[in-house]
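Asks: Provide a 3D model corresponding to the input given below.
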Amino acid sequence: MSARTVFFALIATLVIVGSAMAAWRHIDAGVPFWPGVQQPVWLVEARIDFEATGEGVLVSFNIPSDPPGFDVSFAHTASPGYGFDKVEEDGVLRGEWSIREASGPQTLYYKIHAVPNGRAYRHSNPTQEPPTPSAPTWSGAEETAAAQILERAKQASSTPESLTRQLIAAFRGPVDDNASLLLNRYERVEVIERLLHQAGVPARRAMGLRLEDGRRNQSPTPLLEVYASEYWVPFDPQTGHQGVADDMLLWHRGGASLIDLFGGSGARVVFSMNQQRVPAEQLARMDEQGALISMLSVHQLPIEQQTVFKLLLLLPLGALVTVFLRVLVGVRTSGTFMPVLIALAFLQTELLAGLVSFVGIVALGLLLRSYLSRLNLLLVARIATVIVIVVFLIGLLSLLGYQLGFATGMTLAFFPIIIIAWTIERMSILWEEEGPHEVLVQGSGSLIVALAAYALMSWPLMQHLTFNFPEINLIVVALIMLMGQYTGYRLLELRRFGAFTEKSG
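Replies: Numbers count the residues shown, from 1 in each chain. Alright, predicted model coming up:
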């Protein structure tokens, strides 16, 4: 395998890895590719009221863990004096409040943030096949009525889903004598569940919440889940609709009771809800805590370090612009990556103020450096003197700008004193060897590259992508390496062939 083949294989690997990791972060943690994207969030609060009898209290309440169509991104409780734990029983998540002694009226709260994810129930709720249910017991007349209703439903169906729809239709609208007899003793959901068990179809009751903005004291809506095709399929027992509506949050599942109370009586559960719009990036940061990709996330760092990395992760973009303008366009600069440092400084100050400050410092430094050259100082002493002078110049311009009301102060971390001093030294030598024209060309080129890098690095989209998807810098490295292979004429060098073209014409 040739070296060129290995090189392009490396480039392809960097692009693929960077793109795959960014896509993984977007899918796994929900980090948006575009800044400013907002997502609707439902704040749903369950309020539990009961009367304690003066002894130990245990409240077991069904809470949603993976409701179809929603991601539960945040949950907390408000229960003064009570201990709270989450326990899982037979695959069903429940919250348990406990206290050693309580008496009188008690109120507990449980709140979640439900974020719509657009995933259907068939893609979010696979499970193991439950055991075949046992046939229910009926009284004499009820058994005959149940058998007749079930027989008619079986004749008009071929799958558990279609059988469920036929049974729901038998109890909707005007009902016959058989259905009326059963409804006199059982609730609609319960009687359909019992008939499905009689037919050997696993079924269980569930409860959902119809999401309405600003709704208070809402009671849950009874639903029915039927096991079919390796999934629990929800049904609305009122309409026969299969699946979960977009505005329905499936809160209670698993067939057990919604709430169990020990040490009290008169338990009552009501729900309140409202809708908000939250930046998708903020939600992703909360969800990212449990995602595998979080190990490679800048969000895990302390806030102080995040601020530093937010700027450091912009450096590759500045390097990309510098390589493009120097290698392909042919812009000459003073130093290789001095323009990137200048661009970073412009990000910390206003562009105009930073530009004036930089040009002023370098111009004054060149004047003072020309005087130092007459003193015949050694190189080390000369550069050290320029460093001290640059410090005074930065302080002087900062104080002057402050008095005039301009934010001209520059952070030393982004305008390194030594690099500025060395730039002044190089330009002074260049002035002596090549003349002022070359100083002007390279100085102007440095500012042009710095402004181009600043334009890209200050773009909100680029700042969002580099900070939230740091793996994109692998793609930037691949582009820089590709441009590093270019050995042809630069764009600005083509003007040398202008005379040849005119003669040929």
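Asks: burial measure for residue 341, as a count.
Replies: Residues near residue 341, counting by other Cβ atoms under 10 Å, number 21. Glycine gets a C-beta too; all of them are placed from N, C-alpha and C.
Asks: dihedrals phi and psi, it?
Replies: Note on residue 341: its backbone torsions stand at phi -60, psi -40 [degrees, to the nearest 10].
Asks: can you read off the pLDDT for it?
Replies: Predicted confidence (pLDDT) for residue 341: 79.
Asks: and the gap between residue 23 and residue 472?
Replies: Separation of residue 23 from residue 472 (Cβ to Cβ, to the nearest Å): 11 Å.
Asks: so between the two, which is more surrounded?
Replies: residue 472 (20 against 13).
Asks: the more buried one: what's it in contact with?
Replies: Shown in contact with residue 472 (Cβ atoms under 8 Å, 6 or more residues apart in numbering): 18, 22, 465, 466.
Asks: show me where pLDDT drops low in the stretch 151-300 of the chain?
Replies: 255, 278-300 (pLDDT under 70).
Asks: what segments of it are strands?
Replies: Secondary structure of the stretch 151-300 of the chain, counting by DSSP state E, counting those that start in this stretch: strands at 203-210, 221-228, 231-235, 248-252, 259-262, 264-279.
Asks: highest mean neighbour count out of these?
Replies: strand 248-252 (a mean of 24; mean count of other Cβ atoms under 10 Å).
Asks: put the alpha carbons of stretch 428-443 into PDB.
Replies: Taking Å, rounded to 0.1, in the frame of the first residue of the first chain, the C-alpha atoms of stretch 428-443 are listed here in PDB:
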ATOM      1  CA  SER A 428      11.700  45.600  12.700                       C
ATOM      2  CA  ILE A 429      14.200  43.200  11.100                       C
ATOM      3  CA  LEU A 430      11.900  42.900   8.100                       C
ATOM      4  CA  TRP A 431      11.800  46.700   7.800                       C
ATOM      5  CA  GLU A 432      15.600  46.900   7.900                       C
ATOM      6  CA  GLU A 433      16.100  44.000   5.400                       C
ATOM      7  CA  GLU A 434      13.100  44.300   3.000                       C
ATOM      8  CA  GLY A 435      11.800  47.800   3.600                       C
ATOM      9  CA  PRO A 436       8.500  49.200   4.800                       C
ATOM     10  CA  HIS A 437       6.600  47.800   1.900                       C
ATOM     11  CA  GLU A 438       7.100  44.200   3.000                       C
ATOM     12  CA  VAL A 439       6.200  45.100   6.600                       C
ATOM     13  CA  LEU A 440       3.000  46.600   5.300                       C
ATOM     14  CA  VAL A 441       2.200  43.600   3.100                       C
ATOM     15  CA  GLN A 442       2.800  41.000   5.900                       C
ATOM     16  CA  GLY A 443       1.100  43.200   8.500                       C
END
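Asks: residue 215: neighbour count?
Replies: By other Cβ under 10 Å, 15 other residues sit near residue 215.
Asks: out of everything not next to it in sequence, what's closest to it?
Replies: For residue 215, ignoring the flanking residues on the chain, the nearest one in space by Cβ to Cβ, 6 or more residues apart in numbering is residue 273 at 5.4 Å.
Asks: isn't the one you found right next to residue 218, touching?
Replies: Yes. Residue 273 is within contact range of residue 218, at 7.2 Å (criterion: Cβ atoms under 8 Å).
Asks: what touches both of the two?
Replies: Listed as contacting both residue 273 and residue 218 by Cβ under 8 Å, 6+ apart are 209, 212.
Asks: where along the stretch 351-500 of the chain do the helices fall?
Replies: Counting by DSSP state H, counting those that start in this stretch, the stretch 351-500 of the chain has helices at residues 351-373, 379-404, 417-434, 436-457, 460-468, 472-484, 498-504.
Asks: which residues touch the fourth one?
Replies: Read it as helix 436-457. For helix 436-457, contacts defined as Cβ under 8 Å, 6+ apart pick out 314, 317-318, 320-322, 325-326, 331-335, 338-340, 342-344, 346-347, 351, 355, 358-359, 362, 366, 427, 430-431, 462-463.
Asks: how about it: buried residues?
Replies: 439, 441-443, 445-454, 456-457 (16 or more other Cβ atoms under 10 Å).
Asks: quick check, nearest of those residues to residue 104?
Replies: residue 457 (62.4 Å; Cβ to Cβ).
Asks: and the nearest residue to the closest one once chain neighbours are set aside, how far is that from residue 465?
Replies: Leaving aside its chain neighbours, residue 457 sits nearest to residue 314 (4.5 Å; criterion: Cβ to Cβ, 6+ apart). Distance, residue 314 to residue 465, using Cβ to Cβ: 10 Å.
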